[in-house]
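Novice: return a 3D structure for these sequence lines:
(2 chains)
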Amino acid sequence: MDRGTWKVKAGLAQMLKGGVIMDVVTPDHAKIAEEAGACAVMALERVPADIRAAGGVARMADPEVILAIMETVTIPVMAKARIGHFVEAQVLESMGVDYVDESEVLTPADEDNHIWKHDFKVPFVCGCRDLGEALRRLAEGAAMIRTKGEAGTGDIVEAVRHMRAVMGSIRKIKGMSGDELMAEAKALGAPLELMQQVRRLGRLPVVNFAAGGVATPADAALMMQLGADGVFVGSGIFKSKDPAPRARAIVKAVTYYKDPQMVAEASRGLGEAMPGLDVKTLSEESLLATRGW
Amino acid sequence: MTGNGTRVGVLALQGAFAEHLKALKRLKLSGVEVRRAADLEGLSGLIIPGGESTTIGRLMADMGLRGPILRRVAEGMAVMGTCAGMILLAGKTFDYPLEPLGLMDITVRRNAFGRQVDSFETSVTIAALGATPFPAVFIRAPYIEKAGTGVEALGRLSDGRLVAAREGKLLALAFHPELTRDTRCHALFVGML
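Specialist: Now for the predicted structure:
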């Protein structure tokens, strides 16, 4: 019996595909998410919109909060560690968390190095803005990728930008010759072997979710049509007026993302979405997506 | 019997349905994605993939798929369930908050090996697949705690836990044949159509 192999790490992400992973801060939230059909939850002390509002240093959640959520639901529970904070990741692994998100939503612990994720049995998901960043994280051992988007804003524009960057690069390199691919690898700062693998597969070798700004069923379906394998919803659910129906609606929109009638039906009468923040009005220092490289 | 007109569907509500479609393609069968009741018509077989069993079960109920699946099975449609799919096939479950389809006389324990850090790969000897053991991937996997007399035990772990079983035209696997290139489980299922 081999535990913590690449196949079981990347395989869990494959089982999450076509699903919605929801940020939750209490066991009650987690229960609502599970009952709405979430395929996993992200256990946090605060959702990104509140982290953004609170300012200061954002760290790994209190283990007490995470354990209470793990005891409440039967679906996988993820938790966030700061970029480069491998001890927070060790703590989460020791607690039996199912996936660690090395996340720019928390304040980075290391501005030069991300966690060397091959050292862990627990799988990691990491954010990216383009193909180069995705492949650097993969090279470090991430078993799942997500766009960074701009968390806590309810503005989908950055998630779209990042997903288009990743998918556009993949389409571009599919037709490249070896020498062109080497030049592209240099330009993207990506390991050549992984570039070759992407060219061969015509996609990332791991599951790629959308994250950072999803607030409505239509946002979720948009990301799916752009090529996402599934969707993370952070503040979008529990910062909205009526979380449970919105959560169910986003789950439906992800399954039936190619069917506008179903997305329309799912979107009806949900009440107010989370209050949004136009990313263009944010100062450079308050952007989360620029954390990490 | 397989041949022209053999149609196999893969329940595409959530989970690793694309991987199952790929496995069918390797066997020169084109699978169809099943998201609505109408997609079930004319299918000889249905695969319920790995994924999150609560998500799949919830959508199945919400979208009115339960009744039509049960009706098609009564009409002779074969079903293979892998991991989450096995939970849905069960007659009785532990640790599953929804009602399974209740098609097989098996009692299934969900997340039976622990959390993700306890997920594992191992080889399982399944006589129905030949002498070469099957490379089995278990991810937050269930197993069959009890099986009725009409259920044929196909494969066990070395500690004796039952992880593969067949009952008539129904096939339940606790692991993920869709995550390996070995198509013998899919071929076994296609042989049952």
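Novice: wondering if the helix or strand harbouring residue A:261 reaches chain B at all.
Specialist: Per DSSP states H and E: residue A:261 is located in helix A:260-267. No. Counting by CB under 8 Å from any CB of the partner chain, chain B has no neighbours in helix A:260-267; the shortest distance is 9.1 Å. Yep, even glycine has a C-beta here, placed from its N, CA and C like the rest.
Novice: contact partners of that helix?
Specialist: Residues outside helix A:260-267 that contact it (CB atoms under 8 Å, 6 or more residues apart in numbering or on different chains): A:216-218, A:221, A:248-250, A:252-253, A:256-257.
Novice: for the residue nearest the centre of chain B, name its beta-bridge partners.
Specialist: Residue closest to the mean C-alpha point of chain B, counted by CA atoms, centre = their mean, is residue B:81 at 1.0 Å. Taking DSSP bridges as the rule, residue B:81 bridges to residue B:48, residue B:172.
Novice: residue contacts, the closest residue to residue A:83 other than its chain neighbours?
Specialist: Among residues not flanking residue A:83 along the chain, residue A:108 sits closest, at 4.1 Å (CB to CB, 6 or more residues apart in numbering or on different chains). With contacts defined as CB under 8 Å, 6+ apart, residue A:108 is in contact with A:82-84, A:291-292.
Novice: quick one: which of those residues is most hemmed in?
Specialist: When neighbours are counted by other CB atoms under 10 Å in any protein chain shown, residue A:82 leads the contacts of residue A:108 with 25 neighbours.
Novice: for the lowest-mean-pLDDT helix or strand in chain A, packing partners?
Specialist: Least confident element among the helices and strands of chain A, by mean pLDDT, DSSP states H and E: helix A:48-54 (a mean of 92). Packed against helix A:48-54 by the contact rule (3 or more CB pairs under 8 Å, 6 or more residues apart in numbering or on different chains; DSSP states H and E) you find helix A:235-238.
Novice: go through the least confident helix or strand of chain A and flag the buried ones.
Specialist: A:48-52 (16 or more other CB atoms under 10 Å in any protein chain shown).
Novice: please enumerate the helices of the chain.
Specialist: Here I'm looking at chain A. Under the criterion DSSP state H, helices of chain A are mapped to A:6-16, A:27-36, A:48-54, A:63-72, A:86-95, A:131-139, A:157-174, A:178-188, A:192-201, A:217-225, A:235-238, A:243-255, A:260-267.
Novice: actually it's chain B I care about, not the one you picked
Specialist: Secondary structure of chain B by DSSP H: the helices cover B:17-26, B:53-62, B:66-74, B:84-89, B:184-191.
Novice: now the fourth one, how far from the centre of its chain.
Specialist: It refers to helix B:84-89. In terms of CA atoms, centre = their mean, to the nearest Å, the centre of helix B:84-89 is found 6 Å from the chain centre.
Novice: swap in the first one?
Specialist: The chain centroid and the centroid of helix B:17-26 are separated by 13 Å under CA atoms, centre = their mean.
Novice: which elements pack onto that helix?
Specialist: When contacts are defined as 3+ CB pairs under 8 Å, 6+ apart, helix B:17-26 packs onto strand B:8-11, strand B:31-34, strand B:45-48, helix B:184-191.
Novice: roughly how far apart are the closest residue in space to residue B:29 that isn't next to it in sequence and residue B:48?
Specialist: Here the nearest residue to residue B:29 in space, its sequence neighbours aside, is residue B:8; by CB to CB, 6+ apart that works out to 5.8 Å. From residue B:8 across to residue B:48, the span is 12 Å (CB to CB, to the nearest Å).
Novice: when these two are compared, which one has more neighbours?
Specialist: Comparing residue B:8 with residue B:48 by other CB under 10 Å, the one with more neighbours is residue B:48, at 32 against 26.
Novice: now do the contacts for the more buried one.
Specialist: B:11, B:56, B:79-82, B:84-85, B:88-89.
Novice: mind redoing it with 10 Å?
Specialist: Going by CB atoms under 10 Å, 6 or more residues apart in numbering or on different chains, residue B:48 touches B:9-11, B:13, B:15, B:17, B:20, B:34, B:56-57, B:60, B:69, B:79-89, B:101, B:103, B:172.
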